[in-house]
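**Student:** Compute the structure for the input listed below.
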Amino acid sequence: MPEFKREAGKDWWWGYRHVNETIQAKRYFSEDDLKEARQSDYVAKVCGPFPAQDREEALHIVARLTS
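**Tutor:** Next up is the predicted model:
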């Protein structure tokens, strides 16, 4: 598992674009989150983990990375 360097004021996030085009951002805790999402028939594209200051910033990052 890769080592993640903590950035001041930022947590690690991951996210996905749902097949209905909604964007989801979630706190990153382990690679298991990503594996489960990648196996789902309802997930179009997964991205992360990445650092973000809050959920709003994470949603913007997910939207950009999954467009």
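**Student:** Now do stretch 19-37: distance to the chain's middle.
**Tutor:** Its chain's C-alpha centre and that of stretch 19-37 lie 5 Å apart, by Cα atoms, centre = their mean, to the nearest Å.
**Student:** ugh, typo on my part, it should be stretch 51-67
**Tutor:** So, by Cα atoms, centre = their mean, the centroid of stretch 51-67 is 7 Å from its chain's centroid.
**Student:** does the most centrally placed residue in the chain belong to a helix or a strand, and which?
**Tutor:** The chain has residue 14 as the residue nearest its centroid, 1.5 Å off, counting by Cα atoms, centre = their mean. Per DSSP states H and E, residue 14 falls inside strand 11-18.
**Student:** Report the rounded mean pLDDT for that strand.
**Tutor:** Strand 11-18 shows a mean pLDDT of 96.
**Student:** Likewise for stretch 55-67?
**Tutor:** 97.
**Student:** Can you name the residues in contact with the longest helix belonging to the chain?
**Tutor:** Longest helix in the chain, counting residues (DSSP state H): helix 55-65. With contacts defined as Cβ atoms under 8 Å, 6 or more residues apart in numbering, helix 55-65 is touched by 13, 15, 16, 17, 23, 24, 25, 47, 48, 50, 52. For glycine as for every other residue, the C-beta is placed from the backbone atoms N, C-alpha and C.
**Student:** May I have that helix as PDB, with CA atoms only?
**Tutor:** Listed next in PDB are the C-alpha coordinates belonging to helix 55-65 (Å, rounded to 0.1, in the frame of the first residue of the first chain):
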ATOM      1  CA  ARG A  55     -15.800  17.600   0.600                       C
ATOM      2  CA  GLU A  56     -16.600  20.600  -1.700                       C
ATOM      3  CA  GLU A  57     -13.000  20.700  -3.000                       C
ATOM      4  CA  ALA A  58     -13.100  16.900  -3.300                       C
ATOM      5  CA  LEU A  59     -16.200  17.000  -5.400                       C
ATOM      6  CA  HIS A  60     -14.600  19.500  -7.800                       C
ATOM      7  CA  ILE A  61     -11.600  17.300  -8.100                       C
ATOM      8  CA  VAL A  62     -13.700  14.200  -8.800                       C
ATOM      9  CA  ALA A  63     -15.700  16.000 -11.400                       C
ATOM     10  CA  ARG A  64     -12.600  17.100 -13.200                       C
ATOM     11  CA  LEU A  65     -10.900  13.700 -13.000                       C
END
